[in-house]
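Trainee: Have a look at this prediction, sequence included:
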Amino acid sequence: MTMLDTELIRSFVAICDTGSFTAAGSIVGRTQSAISMQVKRLEETLGCQLFRRNPHRLSLTVKGELFLTHAQRILRAHQDAMTAFDRNAVTGVVTLGIPQDYAYRLLPRILAEFAELYPAATVDVLFDQSKDLIPRVQEGKLDLAFVTGGEGAGTGEVVHREPCVWVTGAHSTAHEHTPLPLVVAQEGCTYRRWAVEALIKRKREFRIGVISASVTGMQAAVRAGLAVSVLAQSSVIDGMRVLTRKEGFPPLPMLEVQLQRARSKDSPLLDRLQAFLVDRLSKRLPIERAA
């Protein structure tokens with residue numbers, strides 16, 4: 001199969017943009033006669049006429065108009081490919097917000113890979129709850145943020161979905177106590193809200209036994225047998241066990257992680273980071289479908 005020469009395509013698009021062989025030649029750095037030869041080669045390759053030529057006006061044929069759409073797409077893809085492998089093409093600073101309980105699972109290796117690909121770029125990270133990250137994105141104070149779906153206003157691309165579960169210590173009897181002791185995060189945490197709503201619905205007495213600002217603190221309290229908690233399934237570690245319906249603990253909603261972007265922000269670095277995060281997370285954390 002004959003391959004299309006990107007230089008011919010670039011000259012063709014330049015002609016379409018300027019409406020002149022001469023003007024196109026000044027853009028791509030070629031003479032008018034060289035541009036004419038390039039168009040002839042392109043038409044021979046495609047097997048059709050691309051331009052209607054007359055002394056007063058240059059216009060595209062029907063097939064020329066069709067090829068222009070493909071030509072523009074080819075040049076964009078070519079530029080994206082070149083940029084992706086130009087280590088210094090993407091520069092600047094971008095801010096990324098993320099809740100702490102996602103950070104340990106989602107970020108370290110992925111951001112290290114991004115830094116290796118784009119050493120001239122800087123990613124500043126802010127750890128906070130979803131409810132506080134969302135307004136920052138909407139106000140343009142953050143460029144991107146991982147947030148829990150359903151928290152606050154705004155929507156983003158879903159990059160991960162997984163079940164949430166009730167957990168207790170591997171040898172703990174805390175789940176049998178009345179009132180039920182809970183270890184939760186601060187007010188506004190989705191896990192905390194789901195746990196409280198589920199217990200109220202079942203009319204089960206509970207008390208807040210431990211409040212932790214981080215998922216590691218919650219995990220430590222659960223492993224120590226101090227209380228029961230609600231965590232994402234991937235946050236269950238050794239020294240814990242999952243509580244089921246048989247023990248009086250109902251199913252919980254599916255956790256949905258979104259990547260939200262500030263509408264007012266636009267830059268090659270932001271585009272590249274967003275695409276990189278979505279691509280890497282889709283490969284490492286396949287989205288689980290709700291039953």
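Mentor: Yep, that arrived. Residues are numbered from 1 along each chain as shown.
Trainee: What segments of this protein are helices?
Mentor: Using DSSP state H, the helices of the chain run over 6-18, 21-28, 32-46, 62-84, 100-106, 108-117, 130-138, 190-201, 215-223, 268-284.
Trainee: quick one, the fourth one and helix 32-46 angle?
Mentor: It stands for helix 62-84. Helix 62-84 and helix 32-46 are oriented at 100 degrees to each other (axes from the mean of the first three to the mean of the last three Cα atoms, to 10 degrees).
Trainee: which parts of helix 62-84 are buried?
Mentor: Within helix 62-84, the residues scored as buried using 16 or more other Cβ atoms under 10 Å are 64, 67-68, 71, 74. (Glycine included, C-beta is placed from N, CA and C.)
Trainee: what distance separates that helix from the centre of its chain?
Mentor: 25 Å (Cα atoms, centre = their mean, to the nearest Å).
Trainee: and that helix, what other elements does it pack with?
Mentor: On a contact count with 3 or more Cβ pairs under 8 Å, 6 or more residues apart in numbering; DSSP states H and E, helix 62-84 meets helix 6-18, helix 268-284.
Trainee: again, 10 Å this time
Mentor: If contacts are counted by 3 or more Cβ pairs under 10 Å, 6 or more residues apart in numbering; DSSP states H and E, helix 62-84 sits against helix 6-18, helix 32-46, strand 51-53, strand 58-60, helix 268-284.
Trainee: Walk me through which strands the third one pairs with, and which way each runs.
Mentor: Taking DSSP bridges as the criterion, strand 51-53 sits next to strand 58-60 (antiparallel) in its sheet.
Trainee: ok, the residue nearest to residue 41 when sequence neighbours are not counted - contacts?
Mentor: Nearest residue to residue 41 in three dimensions, chain neighbours excluded: residue 8, at 6.0 Å (Cβ to Cβ, 6 or more residues apart in numbering). Contact analysis of residue 8 by Cβ atoms under 10 Å, 6 or more residues apart in numbering lists 35, 37-43, 45-46, 71.
Trainee: Turn those into JSON lines, including pLDDT and distance to residue 146.
Mentor: Formatted as JSON lines, the contacts of residue 8 follow (pLDDT from 0 to 100; distance: Cβ to Cβ, whole Å):
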{"residue": "35", "pLDDT": "93", "distance to residue 146": "49"}
{"residue": "37", "pLDDT": "94", "distance to residue 146": "53"}
{"residue": "38", "pLDDT": "94", "distance to residue 146": "47"}
{"residue": "39", "pLDDT": "94", "distance to residue 146": "49"}
{"residue": "40", "pLDDT": "94", "distance to residue 146": "53"}
{"residue": "41", "pLDDT": "94", "distance to residue 146": "49"}
{"residue": "42", "pLDDT": "94", "distance to residue 146": "46"}
{"residue": "43", "pLDDT": "94", "distance to residue 146": "50"}
{"residue": "45", "pLDDT": "93", "distance to residue 146": "47"}
{"residue": "46", "pLDDT": "93", "distance to residue 146": "46"}
{"residue": "71", "pLDDT": "94", "distance to residue 146": "37"}
